[in-house]
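Engineer: how would this look folded up:
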Amino acid sequence: MVFLRTKYTTILLTILLWFPGMSAGPGVAHADHSVSELQVEVAYLYNFTKFVTYPDTAFKDKRDVFSICILGDDPFADLIKVLEKKNVREKRINIELHANHVNTSGCHILFISKSEIEKLPEIISDLRNKPVLIVGDTPGFCSQGGMINFIRVENTLRFEVNIQAAGRAGLRISSAMLQVAKIVE
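Structural biologist: Got it, this is the predicted structure:
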C-alpha cells in the first residue's frame with residue numbers, strides 16, 4: 001500500500017510539473033473546488049489524452065484537432081485554456097464549451113459539469129458506442145455510465161474508471177492509468 005501511495009504521489013507531482021503555470025497554492029475558483037484542485041483536474045484531462053487510445057474513426061484525418069469539451073457550467077474558467085497551447089499525438093488541442101449535448105459526439109473528451117447531471121442518462125444514451133471519453137466529478141457518475149469520475153480520497157483528488165463503458169465506446173485505457181484508478185463496474 002505504501003508503494004502504491006508513493007507511486008501515485010510521484011505521478012501526481014509529475015502531472016503538476018508538466019504545467020509550470022499552475023501552482024498548488026490555495027484559492028477559490030468555484031463554489032465546490034479550490035483553484036489547485038481545478039488545476040489538478042485540468043492536468044488529469046490533459047494526461048487522459050496520453051493514456052487513452054482512440055479508434056481511428058475518432059479522427060477525420062491526421063490533421064484533425066483533439067477536442068476537449070465542457071458541457072454545461074464551466075468550472076475551469078481560464079485554467080483550461082493552458083491546454084490550447086499543447087498538442088497530443090500531433091494534434092492541436094481545442095477547448096470547446098457546450099450549452100447542450102446535441103453536438104458533442106465530435107468531442108474526444110467530454111467533461112460533464114454538475115449543472116448537467118440530471119441529463120446524464122440521456123447524454124450517456126446519445127453518446128453510447130461513440131468514441132468520446134465521458135468525464136465528470138459527481139458522486140455515482142461512473143455507475144451511471146460515465147467513464148472517468150474525479151473523486152476525493154483522504155483529501156487527495158483521484159479518479160475512478162468504468163472500463164466497460166469506455167470499452168463500449170471503442171476506447172482503451174492504458175494499464176498504467178488503471179493502476180492508479182479505482183475501478184467501477
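
Engineer: okay, CA-based contacts and neighbour counts for the rest of this
Structural biologist: Fine.

Engineer: Which element, helix or strand, includes the residue most central in space within the chain?
Structural biologist: Taking C-alpha atoms, centre = their mean, the centroid of the chain lies closest to Leu45, which sits 3.9 Å from it. For Leu45, the host element (DSSP states H and E) is helix 35-51.

Engineer: dump the residue contacts of Ser143.
Structural biologist: With contact taken as C-alpha atoms under 8 Å, 6 or more residues apart in numbering, Ser143 is in contact with Asn162, Val184, Glu185.

Engineer: before we move on, back to that, give me the pLDDT for the residue nearest to the centre of the chain.
Structural biologist: On the pLDDT scale, Leu45 is placed at 97.

Engineer: Distance-wise, check it relative to Gly167.
Structural biologist: Computed as C-alpha to C-alpha, to the nearest Å, the Leu45 to Gly167 distance reads 18 Å.

Engineer: Which secondary structure state is assigned to the residue nearest to Lys114 when sequence neighbours are not counted?
Structural biologist: Sequence neighbours aside, Thr138 is the residue nearest to Lys114 in space, at 6.5 Å (criterion: C-alpha to C-alpha, 6 or more residues apart in numbering). Going by DSSP: H, G, I helix; E, B strand; the rest coil, the secondary structure assigned to Thr138 is coil.

Engineer: returning to that earlier point: between the contacts of Ser143, which is nearest Asn155?
Structural biologist: Taking C-alpha to C-alpha as the measure, Asn155 lies nearest Val184 of the contacts of Ser143, at 20.1 Å.

Engineer: For the closest one, give me the backbone phi and psi.
Structural biologist: Per-residue torsions, Val184: phi -120, psi 130 (degrees, to the nearest 10).

Engineer: Is it correct that it is in contact with Phe159?
Structural biologist: No. Here Val184 does not reach Phe159: they are 10.2 Å apart, not a contact under C-alpha atoms under 8 Å.

Engineer: Looking at the two, which has the bigger crowd around it?
Structural biologist: The neighbour comparison of Val184 against Phe159 (other C-alpha atoms under 10 Å) goes to Phe159, with 22 against 19.

Engineer: show me what contacts the more buried one?
Structural biologist: Ile148, Asn149, Phe150, Ile151, Arg152, Ala181, Lys182.
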